[in-house]
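K.L.:
what would the 3D arrangement of this be:
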Amino acid sequence: MRIVLVCPYAWDAAGGVQVHVGDLAAQLRGRGHDVLLIAPNDPVGRGLAGSVVRIPYRGTVAPLAPSPLAVRRLRRAFERWRPDVVHVHEPLTPSTSMWATFASTAPVVATFHAHLDRSRLFEASAPLLRHVARRLRATIAVSDAAASFLRRALPELRPVVIPNGVDVDAFARAEPEDLPPGRRVAWTHRLDPQKGFRVALDALGILLADVPDARLIVGGDGGDRAAVEGLPATVADRVTLLGALPHDRVSRILRSCEVAIAPATGQESFGIALVEAMAAGTPVVASDIPGYREVVTGRLDGLLVPPGDPYALAGAIREILQDAALAVALADGGRARARVFDWAVVAERLEEVYARVRAA
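P.N.:
Prediction:
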């Protein structure tokens, strides 16, 4: 099958959607499909998507290609390439996926990743967004949280839930990385306010009173990196900043740590970083928010704590570090849970959607 995958966000920016689309392309090619990937600032997208504009929104920055002039260029590309299916991600965002939806004469499948606690702008834009929605042959949400958010503006859509995929075996087999000594706690997210980095730093200060050799290993970058500079020296010395990581290094970092944390304050539709930690056999502590609850079952394959509460976060980390039996049980439960999200399972479900819209 000839499949076009379209990502709305700049390919050279860190983000879960970019990782998902890149991994999906590799999986589909490995399963015998002919795949064309298009994103702003990728080798193909540079000539099709147009210039990238970085737009601040809800505590993060979205790197979009907002010019609708891309529709004409994409239409010509599709006429040359003649895809069987065009699979767009986040087509309601004014960027390459939206323009590809309008440009395509092949059936369009859409995946929705976003979840916000509230977005009046999104809901108010529903009349305009219906022009996009009418062109979609099938809709997918990565979680019930993402599906619920989508239906606030477009209740007529009934997306099937197909989660993000993870190469579980790659994380399970990764070799641990040589990191500074201590009881290591992994952070593998952007340093955006919504990810809860400041909560993690506060929790580290609390944790050090009982676990003085604890160390926070930070893989990621962003605006909240400066928060480390305001810490007491005794706490700052226990933070190791690795900067933004290539994705293939994340598995090695996780395999080197005793705990992985995800203290997001909200706006998470899924927890791909949680699945990656589970696949690596690293016990997880995560915020008790809708997207994360669809990945973690409390005390079976991870611990859930109230968002924004550094004392609860520190207490959960301490419990895992000081209770070896609990750590082993959570690691085993996490490995089993991660199998649900393995790419072999997810890619097969996506192929079924492609075949259905192509046949129709």
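K.L.:
leaving out chain neighbours, which residue sits closest to residue 260?
P.N.:
residue 277 (3.6 Å; CB to CB, 6 or more residues apart in numbering). Glycine gets a C-beta too; all of them are placed from N, C-alpha and C.
K.L.:
can you read off the pLDDT for residue 96?
P.N.:
pLDDT for residue 96: 98.
K.L.:
wait, it touches residue 7, no?
P.N.:
Yes - between residue 96 and residue 7 there is a contact at 7.0 Å, judged by CB atoms under 8 Å.
K.L.:
who's more crowded, those two?
P.N.:
More crowded of residue 96 and residue 7, by other CB atoms under 10 Å: residue 96, with 33 against 29.
K.L.:
skipping its backbone neighbours, what lies nearest that one in space?
P.N.:
residue 49 (4.4 Å).
K.L.:
from what I can see that neighbour touches residue 97, true?
P.N.:
No - the pair residue 49 / residue 97 is not scored as a contact, 9.8 Å apart, by CB under 8 Å.
K.L.:
now do the buried residues in the helix or strand containing residue 29.
P.N.:
Assigned by DSSP states H and E, residue 29 belongs to helix 16-30. Applying a neighbour-count criterion of 16 or more other CB atoms under 10 Å, one finds 16-25, 27-28 buried in helix 16-30.
K.L.:
of those residues, just say which sits nearest to residue 208.
P.N.:
residue 16 (30.2 Å; CB to CB).
K.L.:
give me the mean pLDDT for stretch 181-189.
P.N.:
97.
K.L.:
what is the least confident helix or strand in this structure?
P.N.:
One helix or strand of the chain scores below all others by mean pLDDT, DSSP states H and E: helix 120-124, with a mean of 67.
K.L.:
so after that one, what's the next helix or strand?
P.N.:
Using DSSP H and E, the helix or strand that directly follows helix 120-124 along the chain is helix 126-133.
K.L.:
who's in contact with that following helix?
P.N.:
With CB atoms under 8 Å, 6 or more residues apart in numbering as the test, helix 126-133 has contacts from 91-92, 98, 101-102, 122, 153-154, 156-157.
K.L.:
show the buried residues in those.
P.N.:
Buried among the contacts of helix 126-133 by 16+ other CB under 10 Å: 91-92, 98, 101-102, 122, 153-154, 157.
K.L.:
of those residues, the lowest pLDDT goes to which?
P.N.:
The lowest pLDDT within the buried ones among the contacts of helix 126-133 belongs to residue 122, with 69.
K.L.:
how about residue 139, secondary structure?
P.N.:
strand (DSSP: H, G, I helix; E, B strand; the rest coil).
K.L.:
what helices or strands is the helix holding residue 29 leaning on?
P.N.:
strand 2-6, strand 34-38, strand 85-89, helix 272-280, helix 343-359 (3 or more CB pairs under 8 Å, 6 or more residues apart in numbering; DSSP states H and E).
K.L.:
and the second one, which residues are buried?
P.N.:
Within strand 34-38, the residues that qualify as buried are 35-38, counting by 16+ other CB under 10 Å.
K.L.:
report the angle between that strand and helix 16-30.
P.N.:
Per axes from the mean of the first three to the mean of the last three CA atoms, to 10 degrees, the angle that strand 34-38 makes with helix 16-30 is 160 degrees.
K.L.:
which residues are in contact with strand 34-38?
P.N.:
Under CB under 8 Å, 6+ apart, the answer for strand 34-38 is 1-7, 21-22, 25, 28-29, 44-45, 48-49, 74, 77, 81, 83, 96, 100.
K.L.:
list the buried residues in the helix or strand following it.
P.N.:
Moving toward the C-terminus from strand 34-38, the next helix or strand (DSSP H and E) is helix 45-48. Within helix 45-48, the residues that count as buried by 16+ other CB under 10 Å are 45, 48.
K.L.:
what lies in contact with helix 45-48?
P.N.:
11, 38-40, 65, 70, 73-74, 77, 96.
K.L.:
the residues you listed in strands, which ones?
P.N.:
Of the positions in these, residue 38 sit in strands, assigned by DSSP state E.
K.L.:
export the contacts of helix 45-48 as JSON lines, with columns for distance to residue 245.
P.N.:
Formatted as JSON lines, those follow (distance: CB to CB, whole Å):
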{"residue": "11", "distance to residue 245": "16"}
{"residue": "38", "distance to residue 245": "25"}
{"residue": "39", "distance to residue 245": "20"}
{"residue": "40", "distance to residue 245": "22"}
{"residue": "65", "distance to residue 245": "25"}
{"residue": "70", "distance to residue 245": "30"}
{"residue": "73", "distance to residue 245": "33"}
{"residue": "74", "distance to residue 245": "32"}
{"residue": "77", "distance to residue 245": "32"}
{"residue": "96", "distance to residue 245": "25"}
